[in-house]
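Chemist: sequence first, then the predicted structure, then my questions.
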Amino acid sequence: MSHIDPSILQRFPVAGGELTVGGVPLSLLAQRVGHTPFYAYDRRLVAERVALLRRVLPKSIELHYAIKANPMPALVAFLAGGVDGMDVASAAELRVALDAGVPADEISFAGPGKSDAELRQAVASGVLLNVESMREIEAVDAASRAIGRAARVAVRVNPGFELKSSGMKMGGGAKPFGIDAETVPTALDAIRRHGLLFEGFHVFCGSQNLRHEAICESQTRALELVVQLAAEAPAPVQRLNLGGGFGIPYFPGDKPLDVEPIGEHLRQLVATAQTKLPQARLVLELGRYLVGEAGVYVARIVDRKVSRGEVFLVTDGGLHHHLAASGNFGQVIRKNYPVAIGTRASAAADETASIVGPLCTPLDIIADTMAVPAAQPGDLVVVFQSGAYGLTASPLAFLSHPAPLEVLV
């Protein structure tokens, strides 16, 4: 029996004893890429995830991709044909979205520390700016006057509640993100005085959540809050970005998010919004959920060492390429990502080994004391759930090793 979880094998089937990605055997894909390590993203899996959401969600819900999850240009261009818009968090991501052909009308720009230069670029591009502070409103006004066009703006709200059970909390309490709900009326008054083009609100409470009940509760409370704030707005609400929060399973015991109840809940929410905010378009902004399970990170074993009875498989990749898999990106207690010896996919796990990278630090761990088939130098290690917050969320320059490549298969 294979050492790989059956649910993963459904996405990356075995052929000739090794994993395939996008239908290509792993060893052949490595030769095609030219060197290891590398990231590979399966476009079929991305398309299937978008199709699932289209089936489950109400047709009036707009689906946006949060580029910060994975800004690879080819992947963004592929997604541009399947989603309704995109959210960016930097000028570089803005360029990627525009280059992919995403209409400026369907791009929003969020982030708590936008520079004056970024604000000018956003105003000149005609994208929607999610303003996150009073200083930012003043800077957007200055950019609008300098460029000669009024900026499109929405207010990112820091609500008084959080998304329960989320991996990263982005709202509730004291946060650097958004404008505190109680201060929003002051922000709306400033937007009115400056003549900026107000379009709506952005309420993003948290990410990486596997409990549909928590997501539904957060969406309900976000709509209730926005209905209250809309009374102070300088124009009718045209867009309400409910954020996302949809998580994917990473560790043993994690259960995949059930999106069916979320779809049913959103049908009710849409009906309420049509009554209370009749001009508003409702947006879901998802990143990890769209691409996370479609990607793998692949590294080659370069050495097999035994130290005082423990086996270490040393690879040419590690935390500098995939910080999250090393356990150093938000984990309190380190747990292994799903990892496999991809070139021995049909083999049973007959030994315990730690898979580590080449860096001179004990933090450089891909898998700690994990059951795997007996592997040798030349075998390829695969880290699953790697389509989001992988390459660009990692300290690539650490110890100055070469950067990995990325391919869309």
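Modeler: In hand now; what should we look at? Numbering: from 1, shown residues only.

Chemist: for the chain, what's the longest strand?
Modeler: Using DSSP state E, we find that the single longest strand of the chain is strand 295-307.

Chemist: so which bits of that strand are buried?
Modeler: 295-301 (16 or more other CB atoms under 10 Å). Just so you know, the C-beta spots here come from the backbone N, C-alpha and C atoms, and that holds for glycine as well.

Chemist: next helix or strand past that strand?
Modeler: Note on strand 295-307: by DSSP states H and E, the next helix or strand toward the C-terminus is strand 310-315.

Chemist: roughly how far apart are Pro261 and Val14?
Modeler: Distance of Pro261 to Val14, given as CB to CB, to the nearest Å: 33 Å.

Chemist: okay, Met72: pLDDT?
Modeler: Listed pLDDT for Met72 reads 98.

Chemist: just the one 5 residues further on next, same as before
Modeler: You'll see Ala77 listed with a pLDDT of 98.

Chemist: wait, what's in contact with it?
Modeler: Going by CB atoms under 8 Å, 6 or more residues apart in numbering, Ala77 touches 99-101.

Chemist: got these as a markdown table, with secondary structure columns?
Modeler: Formatted as a markdown table, the contacts of Ala77 follow (DSSP: H, G, I helix; E, B strand; the rest coil):
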| residue | secondary structure |
| --- | --- |
| Asp99 | helix |
| Ala100 | coil |
| Gly101 | coil |
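
Chemist: and which of these is nearest to Pro6?
Modeler: Ala100 (34.8 Å; CB to CB).

Chemist: ok, how many other residues are close to that closest one?
Modeler: A count of neighbours around Ala100, defined by other CB atoms under 10 Å, yields 19.

Chemist: where does Glu224 fall, secondary structure wise?
Modeler: helix 212-230.

Chemist: show me the contact partners of that helix.
Modeler: For helix 212-230, contacts defined as CB under 8 Å, 6+ apart pick out 155, 157, 159, 161-166, 181, 184-185, 188, 200-201, 203, 205-206, 209, 236-237, 240, 242-243, 245-246, 257-259, 261-262, 265-266, 269, 272-273, 276-277.

Chemist: in helices only, show me those residues.
Modeler: Judged by DSSP state H, the subset of the contacts of helix 212-230 located in helices is 184-185, 188, 261-262, 265-266, 269, 272-273, 276.

Chemist: returning to that earlier point: can you give me how far the helix holding Glu224 is from the chain middle?
Modeler: Centroid displacement of helix 212-230 relative to its chain, using CA atoms, centre = their mean, to the nearest Å, is 21 Å.

Chemist: list the buried residues in it.
Modeler: In helix 212-230, counting by 16+ other CB under 10 Å, buried: 212, 214-219, 221-223, 225-227, 229-230.

Chemist: which parts of the stretch 101-250 of the chain are strands?
Modeler: Using DSSP state E, counting those that start in this stretch, the strands of the stretch 101-250 of the chain run over residues 107-109, 128-131, 152-158, 168-169, 179-180, 197-202, 206-207, 239-241.

Chemist: need those in TSV with distance to His64, can you?
Modeler: Below are the strands of the stretch 101-250 of the chain laid out as TSV (distance: least, CB to CB, whole Å):
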stretch	distance to His64
strand 107-109	7
strand 128-131	11
strand 152-158	13
strand 168-169	18
strand 179-180	21
strand 197-202	11
strand 206-207	14
strand 239-241	7
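
Chemist: closest to Val311 out of these?
Modeler: With CB to CB as the criterion, Val311 lies closest to strand 168-169 of these, at 34.1 Å.

Chemist: would you map out the domains in this structure?
Modeler: 6-42+294-408, 71-286 (automatic domain parsing).

Chemist: where along the stretch 301-409 of the chain do the strands fall?
Modeler: 310-315, 339-341, 351-356, 365-372, 380-383, 405-408.

Chemist: now tabulate the contacts of Ala77 in TSV and tack on pLDDT.
Modeler: Converted to TSV, those look like this (pLDDT from 0 to 100):
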residue	pLDDT
Asp99	97
Ala100	97
Gly101	97
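
Chemist: now these in a markdown table, with distance to Asp364?
Modeler: Putting the contacts of Ala77 into a markdown table (distance: CB to CB, whole Å) gives the following:
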| residue | distance to Asp364 |
| --- | --- |
| Asp99 | 34 |
| Ala100 | 34 |
| Gly101 | 39 |
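
Chemist: from Ala353, how far off is the most far-flung residue of the chain relative to its centre?
Modeler: No residue in the chain sits farther from the centre than Arg308, which is 40.3 Å out by CA atoms, centre = their mean. Taking CB to CB as the measure, Arg308 and Ala353 are separated by 14 Å.

Chemist: likewise for Pro73?
Modeler: To Ala353, Pro73 is 36 Å away according to CB to CB.

Chemist: related to what we said a few turns ago, nearest to Gly111, out of the buried residues of helix 212-230: which one, please.
Modeler: Ala222 (19.2 Å).

Chemist: for Val50, see how far away Leu63 is.
Modeler: From Leu63 over to Val50 the distance is 7 Å, taken as CB to CB.

Chemist: quick check: neighbours shared by the two?
Modeler: With CB under 8 Å, 6+ apart, Leu63 and Val50 have common neighbours Val83.
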